[in-house]
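Novice: could you work out the structure for the sequence below:
(chains A and B)
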Amino acid sequence: MDNNNSLETLPNSSTDSQQTIFSSNELRALAELVFPHWQELPSLKELDERYPKRNLPQGAMVNRVGPSPTGMMHIGGLYVALVNRRLAKQTSGVFFLRIEDTDTKRTVEGAYETIVNALADYGLTPDEGAIRTPEGTFKEVGNYGPYSQSARKHIYHACAFDLICRGLMYPCFMKEEELQHLREEQQGLEIRTGVYGKWAKGRYLSYSEIENRIKAGEHFVLRLRATGIYSETISWEDQIRGTLTLPQNDIDVVLIKSDGMPTYHFAHLVDDHFMGTTHIIRADEWISSVPLHLQLFASMNWQPPQYTHVSAIQKLSETGGKRKMSKRHDPEANVEYYWKNGFPRQAVIEYLLNLANSDFEDWRRANPKAPYTEFNVALDKMGQAGPLADLVKLESISRDILSSIDINELYQICYEWAAVHEKDLAQEMAKDPDYACRALDIERNSEKGAKRLGTFNDLRPQLAPFYDQFLPSANELPFPENVTVEDRNKILSLIKERYSDQDPPEQFFERLKSISSDLGFSPAVKDYKKNPSLYKGHVGDVAAVVRVAMFGSTRSPDLGLVTSVLGKQTVANRCNRVIANQSA
RNA sequence: GGCGCAUUAGUGUAGCUGGUCAACACGCGGCCCUCUCAAGGCCGAGAUCACGGGUUCGAGCCCCGUAUGCGCUACCA
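Specialist: Residues are numbered from 1 along each chain as shown, chains lettered A, B, ... in the order given. Have a look, this model is predicted:
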């Protein structure tokens, strides 16, 4: 990188002759003063060699997600990660994870693991950056690292050194109170607040003053010497929003904080250049910063990436109405919430995909079995308004997924969930996975296309009755009142006697009918309704008795299917315990 | 305060360069199926496209203004 940006060519907004103009020797001395260990810094040339241009096919997108390890993983972060990753994959590009931990005060222990785990759990493992190994440990992969900003200080400093040498960055000693006063004064004057133009006091410092203050150990930050003109605009193409036009940046923003860490803006410039990011897809709160970012890239003579801004998921519907999704008050802002509350991860992903491109739904209907990765995400199909989280819709998607995935896969994820949230159930499942599968599979492939599982919360009611230990005790069974104990026992005796596991499940109802007529119940509900006095009841009442005895509940899936899973022995046992209980 | 982004039925969205464009999904209601519960099938109620002006033969779709929400205006990202 050569120094062709000499001071004279800078289009500075304030042609204020009072500003200190340094000679290039002074600038060099200043840079060395700011970075006493400058000799240890890599040169820009070395960095360019260390991080060569990526060798990727035409049109490949290199993009990234850059969460801060400040606590939980936000659902909006997952959303942005999903979109970025899909786009990278679709173009044979690269998706990487960069941990943006430049704010040492805010970084939280364990948050790094939370991020990596969330991406791994949701199938969004990055190509580069921190990943979770199959053994469950963490490591960093990729040739453009390190991928944590806190470990890249020397790179930022190398670039900062260059900017100081070229007069585009300068030290500023203003303290918090001073900045506060400045802001108040500007507010009193009813002008824009901020460090710009004549308000940028650091621009007026003489070399000797700077030297003295630095040598005295005074704290300082490094600010950009902004080159934008506020009354003029800059435009760029946002792939979601089209052409965006904003005033040029004339604020001397902080680029290096007093602790030596870069701010987001500077880290973005340096990292996304050397990491070869081609597309920045991020939340829309960054729109206002694009003029600054463009200026930063120009100041280094680097090719800027393409910026596009997505509206993050912001609100949630509640009984009260709408409000902003808040980390503190809305548990569903946290990615963990969904799994905890029984939503399969794939459902969350597909729901997010649906928010991103609403035609995903149509695609899914047309391709019920295809993996979601076959769907093509398109930026220009993304909505501009912030979508509202809708758990009811999520559940509907979840139900579709749980009813369409392969039974073995269903067993897997159910078991994985139960192992954490329903431990006793999981234990039983593991004893005989095949049995659990048959129980889970009930009615899934029938013509009726029953979708019994909405979320994992439906797992227990669906599965537990297949295990004796979860059944209510015999005297707690909710038998209907309208069938006498005597009839109940007769019914169950006959079931025990006549049930055969050779019967096809459809046969079961025929058995119920014949038992009904043998015991004076009407085999057809219609007949009973015509002449109630002729019967003790109807086949439905008989079925209810059997249902309670078999399933411990007045509600169950098809009895023929239930009994065929239970098997002859269990059917007999369950009849016996009731009969025994009554006669006792 | 300044600047920016957004605003289509309860919710999420679709509506291409202005002329069946008010559609789809979830939810809600009813009916059907039916031995229970779900699921499924069918039907239906919900939006004068935030509001007010324009431009036009004609506007969710273009322009201006207003309102509301959100964002930025930090040595947070």
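Novice: state the mean pLDDT of stretch A:282-301.
Specialist: Average pLDDT, stretch A:282-301: 93.
Novice: run a quick neighbour tally on residue A:235.
Specialist: Residues near residue A:235, counting by other Cβ atoms under 10 Å, number 12. (Each C-beta comes from the backbone N, C-alpha and C, glycine too.)
Novice: the closest residue to it other than its chain neighbours: what's it in contact with?
Specialist: Spatially, and ignoring its direct neighbours in sequence, residue A:235 is nearest to residue A:245 (4.4 Å; Cβ to Cβ, 6 or more residues apart in numbering). By Cβ atoms under 8 Å, 6 or more residues apart in numbering, residue A:245 lies in contact with A:233-235.
Novice: now do 10 Å
Specialist: Going by Cβ atoms under 10 Å, 6 or more residues apart in numbering, residue A:245 touches A:233-236, A:291.
Novice: buried subset of those?
Specialist: A:234, A:236, A:291 (16 or more other Cβ atoms under 10 Å).
Novice: sorry, back to before: in a strand, the residue nearest to residue A:235, correct?
Specialist: Yes - according to DSSP: H, G, I helix; E, B strand; the rest coil, residue A:245 belongs to a strand.
Novice: circling back: how about TSV for the buried ones among the contacts of residue A:245, with secondary structure and distance to RNA strand B added?
Specialist: TSV is the format used below for the buried ones among the contacts of residue A:245 (DSSP: H, G, I helix; E, B strand; the rest coil; distance: Cβ to the nearest atom of the strand, whole Å):
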residue	secondary structure	distance to RNA strand B
A:234	strand	11
A:236	strand	11
A:291	helix	9
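Novice: can you tell me which of those residues comes closest to residue A:221?
Specialist: Among these, residue A:291 lies closest to residue A:221 (Cβ to Cβ), at 20.6 Å.
Novice: for the nearest residue to the closest one once chain neighbours are set aside, give its distance to RNA strand B.
Specialist: Leaving aside its chain neighbours, residue A:291 sits nearest to residue A:249 (4.3 Å; criterion: Cβ to Cβ, 6+ apart). As judged by Cβ to the nearest atom of the strand, to the nearest Å, residue A:249 and RNA strand B stand 10 Å apart.
Novice: could you do residue A:311 as well?
Specialist: 7 Å.
Novice: same check on residue A:397?
Specialist: According to Cβ to the nearest atom of the strand, residue A:397 and RNA strand B sit 8 Å apart.
Novice: quick check: phi and psi at that residue.
Specialist: Taking degrees, to the nearest 10, you get phi -70, psi -40 for the backbone angles of residue A:397.
Novice: could you point out which element follows whichever strand or helix holds residue A:512?
Specialist: According to DSSP states H and E, residue A:512 maps onto helix A:505-518. Scanning forward in sequence from helix A:505-518 by DSSP H and E, the next helix or strand is strand A:521-522.
Novice: could you list every helix and strand in contact with that following strand?
Specialist: helix A:505-518, helix A:525-530, strand A:537-538, helix A:539-551 (3 or more Cβ pairs under 10 Å, 6 or more residues apart in numbering; DSSP states H and E).
Novice: buried stuff in the longest one?
Specialist: This means helix A:505-518. Under 16+ other Cβ under 10 Å, the buried positions of helix A:505-518 are A:505, A:508, A:511-513, A:515-516.
Novice: and for stretch A:241-250?
Specialist: Those would be A:241, A:244, A:246, A:248-250, for stretch A:241-250 by 16+ other Cβ under 10 Å.
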